[in-house]
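**Q** Here's my sequence, what's the structure:
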Amino acid sequence: MMKLSRDGGKIEIMKKKKSFLKSAIQAILILIAFITISITIGFCVGKQDSAKSNKAPTQSQSGLASHQVIKKTDEETTVSYKHIVSLMVDKDIKRQELKSLLLHYMNERVSARTTKKFVLFVYAYTDPLRYKRGEQWIGMLEFNEFQNSTPRITFDEINLFDGALKKAEVNDPLREKMFFDVSGYDYEATLIMEDKYPMSTNDQITYLQNDRNRNEYIAEVEATKDKLIRYYMKKHALTRSQFDALYAEGNEKNWTKKSVEESKKIKSVYRGFM
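**A** The predicted structure follows:
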C-alpha cells in the first residue's frame, strides 16, 4: 500500500509539472502574439504617417495657377502611349503660369512612363464653349517622342497678352453678314480635306485605324481650320477673340449660315493662301 501511495504521488507531481509547462508555453505564445500585433500596428501607423508626409501637394501648395482638369484620356498601342489632358484656366492667367501648368501635367504623365514612347497633348482653355466646340485653346503643349525629344509649347498670341484677354466685342453693324461669311469654316475644312484625300468611307475607316495616319490627319485638319480662321480674321480685320465672339453670337442668335454650295467655293480660295 505504501508503494502504491508513493507511485500515486509521483504521478501527481508529473501531472503538475505537465500542467505548469503547458501554462508556461501558452503564456509565451500569448506574449509573442502580443508583441507581433504591437509591431504590426506600429508599422501600419508609421506607414500611414509616411504616406501623409509624402502625399502630393494640393493645388495651392504646388504653386500652380488656379485651374480645373476637364478630362484626361489615355490610349495605349503596341508601340506608343497617347495621353491627352484638357484644362480650364482663368482668363487672366500669365504666360509663365500657363507654361508651368502645361509642363506640370506633362511631367506628371512622363514620370509614370513605361518603355513605350509618348504622344502627349495638354490643352488649356478659358471658356467651356471653346472646349466643347473643339475651338482655340489659350495654350497647348505637344510632346511627340517619335518626332522630338523635347515638348513644344504654343500660345494663343492674339489673346494671351500680359495675362489679359483682349476685348472680343465686334461693334460692326454688319457683323451678321460677317458671320455669314465665316460661319462655314469648320465644314469648309472638312471639304478641303476630302478634296486632298479622296477616299471612300471604308477606305477612310481603314486609313484612320492606323495610329500614325490618324494623328497626322487630325493635326492637318486642325491646321486647315486654323488657316481658314486666320484668312477670315484678316479679311474682316478681326482678332482671334473677336472672331470667336462673332461666331458664338451668330450661333446663339441663329443667324443665317452658308449653304453647302457656298462653302464649297472656299476650296479654290484656300489654295491661294495656304
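**Q** contact partners of stretch 178-195?
**A** 170, 172, 217, 220-221, 224-225, 228-229, 232, 235-236, 238, 243, 246-247, 249-250, 255-258, 260, 262-264, 266-267, 270 (C-beta atoms under 8 Å, 6 or more residues apart in numbering). C-beta here means a position set from N, CA and C on the backbone, and glycine is covered the same way.
**Q** no no, stretch 105-124
**A** For stretch 105-124, using C-beta under 8 Å, 6+ apart, the contacting residues are 67, 76-77, 79-89, 93, 98, 101-102, 131, 137-146, 151, 215.
**Q** Quick one: buried ones out of the residues you listed?
**A** By neighbour count, with 16 or more other C-beta atoms under 10 Å, these hold 67, 80-83, 85-89, 93, 98, 101-102, 131, 137-145, 151, 215 as buried.
**Q** returning to that earlier point: in strands, which of the contacts of stretch 105-124 fall?
**A** Here DSSP state E is the test, and the contacts of stretch 105-124 give 67, 76, 80-89, 139-144 as lying in strands.
**Q** For residue 185, give its distance to residue 73.
**A** 25 Å (C-beta to C-beta, to the nearest Å).
**Q** Between those two, which has more neighbouring residues?
**A** Neighbour tally, residue 185 and residue 73, criterion other C-beta atoms under 10 Å: the higher count belongs to residue 185, 21 against 10.
**Q** count of residues packed around residue 239?
**A** 17.
**Q** Cross-check the contact I'm expecting between it and residue 232.
**A** No. Residue 239 is beyond contact range of residue 232, at 11.8 Å (criterion: C-beta atoms under 8 Å).
**Q** Quickly note the distance from the nearest residue to residue 81 once chain neighbours are set aside to residue 211.
**A** Counting by C-beta to C-beta, 6 or more residues apart in numbering, residue 116 is the residue found nearest to residue 81 once chain neighbours are left out, at 4.7 Å. Computed as C-beta to C-beta, the residue 116 to residue 211 distance reads 12 Å.
**Q** again, but for residue 95
**A** For residue 95, the distance to residue 211 - C-beta to C-beta - is 32 Å.
**Q** do you know how far residue 198 is from residue 140?
**A** When residue 198 is compared with residue 140 (using C-beta to C-beta), they lie 30 Å apart.
**Q** swap that for residue 159, sorry
**A** 13 Å.
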